[in-house]
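S.K.: this one's sequence-less:
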């Protein structure tokens with residue numbers, strides 16, 4: 001005689017999506033030179049890891065100039081790499097980057113810029129003060145990059161140990177230190193595949 005085991009229905013609950021990042025305290029300009037048409041390759045929801053954005057120039061003066069999203073002080077620079085390394089884990093990529101600290105306590109990060117464009121073309125140095133819209137480098141594809149673009153992020157870093165030698169935020173599991181960038185002139189979060197024109201902000205950073 002065949003025995004039948006009792007059939008138990010198990011409710012599988014779908015994994016909950018992580019909460020959206022907090023909005024930035026400040027409103028920033030799009031980090032490209034004035035009159036550059038910029039397309040959103042990934043927004044804070046589609047980017048992996050989450051809570052960062054990828055942008056690339058699609059129109060306007062070339063080469064595409066990366067500029068400071070707000071006034072602040074340069075805190076970290078890596079400018080010596082020149083190789084695209086698509087397919088490697090992010091932790092193994094050798095990437096160019098700049099981090100700028102702003103008076104409201106937030107930092108902005110800029111990655112993948114062309115070799116030599118930060119310290120050479122823009123003549124930036126750690127400790128230097130920069131103004132909003134000031135050239136900080138040229139759009140590139142250095143590091144883990146599929147195309148010329150800018151990886152941009154806003155964060156509230158750990159004051160004691162903000163970023164590591166690779167330019168990554170420390171103590172940032174799940175992107176908890178990243179913020180959803182608010183951009184002046186855009187009254188909402190930006191979304192993948194949108195296009196916007198970079199230009200000056202008409203107000204100073206909040207915070």
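M.R.: The structure has been received and is ready for your questions. Just so it is clear, the model here is predicted, and its values are computed rather than measured.
S.K.: contacting residues for the spatially most central residue of the chain?
M.R.: Note on the chain: the residue nearest the mean C-alpha position is residue 152, at 1.9 Å, using C-alpha atoms, centre = their mean. Contact partners of residue 152, counting by C-beta atoms under 8 Å, 6 or more residues apart in numbering, are 31, 52-55, 69, 108-111, 181. Backbone N, C-alpha and C define where each C-beta goes, glycine included.
S.K.: do residue 40 as well
M.R.: If a contact means C-beta under 8 Å, 6+ apart, then residue 40 has 53-55, 190-196 as its contacts.
S.K.: with residue 139 instead?
M.R.: With contact taken as C-beta under 8 Å, 6+ apart, residue 139 is in contact with 32, 56-57, 63-66, 112-114, 148-150.
S.K.: count the neighbours of residue 69 for me.
M.R.: Using other C-beta atoms under 10 Å, residue 69 has 31 neighbouring residues.
S.K.: so residue 112 versus residue 54, what's the distance?
M.R.: According to C-beta to C-beta, to the nearest Å, residue 112 and residue 54 sit 9 Å apart.
S.K.: give the intersection of the neighbour lists for the two.
M.R.: Common contact partners of residue 112 and residue 54 (C-beta under 8 Å, 6+ apart): 149-151.
S.K.: ok, of the contacts of residue 40, which come out buried?
M.R.: Neighbour-count burial (16 or more other C-beta atoms under 10 Å) is assigned, among the contacts of residue 40, to 53-55, 190, 196.
S.K.: and which of those is nearest to residue 84?
M.R.: Set against residue 84, the nearest of these by C-beta to C-beta is residue 54 (14.5 Å).
S.K.: bridged to the closest one, which residues?
M.R.: Counting by DSSP bridges, residue 54 forms beta bridges with residue 42, residue 151.
S.K.: repeat that for the one 5 residues further on.
M.R.: Applying DSSP bridges to residue 59 yields these beta-bridge partners: residue 37.
S.K.: need the pLDDT of it.
M.R.: For residue 59, the pLDDT comes out at 96.
S.K.: next, count neighbours for it.
M.R.: Look at residue 59: counted by other C-beta under 10 Å, it has 13 neighbours.
S.K.: from residue 52, how far out is it?
M.R.: Going from residue 59 to residue 52 by C-beta to C-beta gives 23 Å.
S.K.: could you check how far residue 147 is from residue 81?
M.R.: 17 Å.
S.K.: of these two, who's got more company?
M.R.: Neighbour count, other C-beta under 10 Å: between residue 147 and residue 81, residue 81 has more, with 20 against 13.
S.K.: that one is in contact with residue 141, isn't it?
M.R.: No. With contact defined as C-beta atoms under 8 Å, residue 81 and residue 141 do not form a contacting pair (10.9 Å).
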